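Participant: Next come a sequence and a model predicted from it.
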Amino acid sequence: MQDLDVTPKMAKVLKIFLEDPSKPRYGFELMQLTGFASGSLYPMLAKFEGAGWLTGEKEDIDSHAEGRPARYTYTITGAAVTAARVQLAELSDLYRPPTPIPARLRSQGSTS
Amino acid sequence: MTGFLYAGLLLLGGMVLAALGELISEEMRGWLDLAPHAVLRLAARRLCSKGWSTIYEDEWLPELAHILRGAEARPITRLIAGTRFSFGILISANRIAGHLRRKAPAEIPPSRHLFQGDKEPTRLIERRDPDKDDLLGLNNLNRLPGSKAASTIFRSLSQESVDMLLPSMNMQVTHQPPIAEAVPTYTTDSDGTIRLTPAALEVRRQLQHMADETRGRIFGRQ
């Protein structure tokens, strides 16, 4: 599995996979859940798959019986679950707003 | 009397117009569905990669079918949703191509897709992870000697597995996923040719022997 620099958009996709790592996800389902257009989402999925973070496979269904073609699903890999959690935590730290210092403490700090 | 005649003609004309309108609407609906497909096909051609047909057929087309189906009976919604999806893919096709690592069936030369004849009854299949795709547990064939192994394994297969395996075995084009899934037991020659093992071939022979009994049921169902 290759290392990836996870952007906030990528984090949004990863977060959905982390909600239930064993659950396969469809591309269109991810579009709906993230609100991303296909032009944003599919390059991201290709990147994740190419880097070994996601594995893709076709649904195991009888197309004739279901009356629809088998769709392609993505599942997060075991190694990627750990890496994604770390990256999401780092992003969360990065974007967390600083805790405001109360005025009383700030004035005490400036006098000493 | 003339009034009744005019009324009848008007009624008839109305009915003909209504039917014509329905036909035109149906025709338009069909043409509108073609637009997202055409855009998606264009996107697939922009990939400039060997994997384009795989991603187009395996992923994009089924997703588009799902989108169009979801907005069924609303032709304009279907057109907008489908075209939006397809245009997004079209715009990002180059970026997708840059990340694409999927192996395409085209990576195996076409001549290797077919049976080599009775003298060399081998079947060439797509490179896949044998353990992952071993849905029937046929990898065990490699660990047991010859036809005895095949018989043992074959007897242990459920009828459901046989049903699944038999049509796959009878297919002529070997890069189809069902074959790779059903018969992952293969060896790779020094020249990179992928062949079924003798044990797997024995299973195939036995399955073909059984074909007369089950063919009607299996293929009659399709």
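Facilitator: Yes, it's here. Numbers count the residues shown, from 1 in each chain, chains lettered A, B, ... in the order given.
Participant: For the residue of chain B found nearest chain A, give its distance to A:Lys9.
Facilitator: Proximity of chain B to chain A (CB to the nearest CB) peaks at B:Gly88, 3.3 Å away. Using the backbone N, CA and C atoms, a C-beta is placed for each residue, glycine as well. Separation of B:Gly88 from A:Lys9 (CB to CB, to the nearest Å): 14 Å.
Participant: Could you check which of the two has the larger neighbour count?
Facilitator: More crowded of B:Gly88 and A:Lys9, by other CB atoms under 10 Å in any protein chain shown: B:Gly88, with 21 against 13.
Participant: Spit out the contact partners of that one.
Facilitator: For B:Gly88, the contact set (CB atoms under 8 Å, 6 or more residues apart in numbering or on different chains) comprises A:37-42.
Participant: repeat for A:Tyr74
Facilitator: Under the criterion of CB under 8 Å, 6+ apart, the neighbours of A:Tyr74 are A:17, A:24-27, A:30, A:45, A:48-49, A:54-56.
Participant: Let's see the pLDDT reported for the residue nearest the centre of chain A.
Facilitator: Centroid-nearest residue in chain A, with CA atoms, centre = their mean: A:Leu14, separated by 1.3 Å. Model confidence at A:Leu14, given as pLDDT, is 94.
Participant: Unless I misread the structure, it falls within a helix.
Facilitator: Yes. Applying DSSP: H, G, I helix; E, B strand; the rest coil, one finds A:Leu14 inside a helix.
Participant: thought it was touching A:Ala83?
Facilitator: No. Because the distance of 9.1 Å does not satisfy CB atoms under 8 Å, A:Leu14 is recorded as not touching A:Ala83.
Participant: list residues touching both of the two?
Facilitator: Residues touching both A:Leu14 and A:Ala83 by CB under 8 Å, 6+ apart: A:Trp53.
Participant: hang on, the earlier thing: check the contacts of A:Tyr74 against chain B, which are close?
Facilitator: A:26-27, A:49, A:56 (CB under 8 Å from any CB of the partner chain).
Participant: any idea which of the residues you listed is closest to chain B?
Facilitator: Using CB to the nearest CB, A:Gly27 is the member of these that sits closest to chain B, with 5.3 Å.
Participant: where's the closest one relative to B:Glu57, distance?
Facilitator: Going from A:Gly27 to B:Glu57 by CB to CB gives 14 Å.
Participant: quick one: which of those two has more around it?
Facilitator: The neighbour comparison of A:Gly27 against B:Glu57 (other CB under 10 Å) goes to A:Gly27, with 23 against 15.
Participant: tell me the contacts of the more buried one?
Facilitator: A:38, A:41-42, A:45, A:72, A:74, B:59, B:63.
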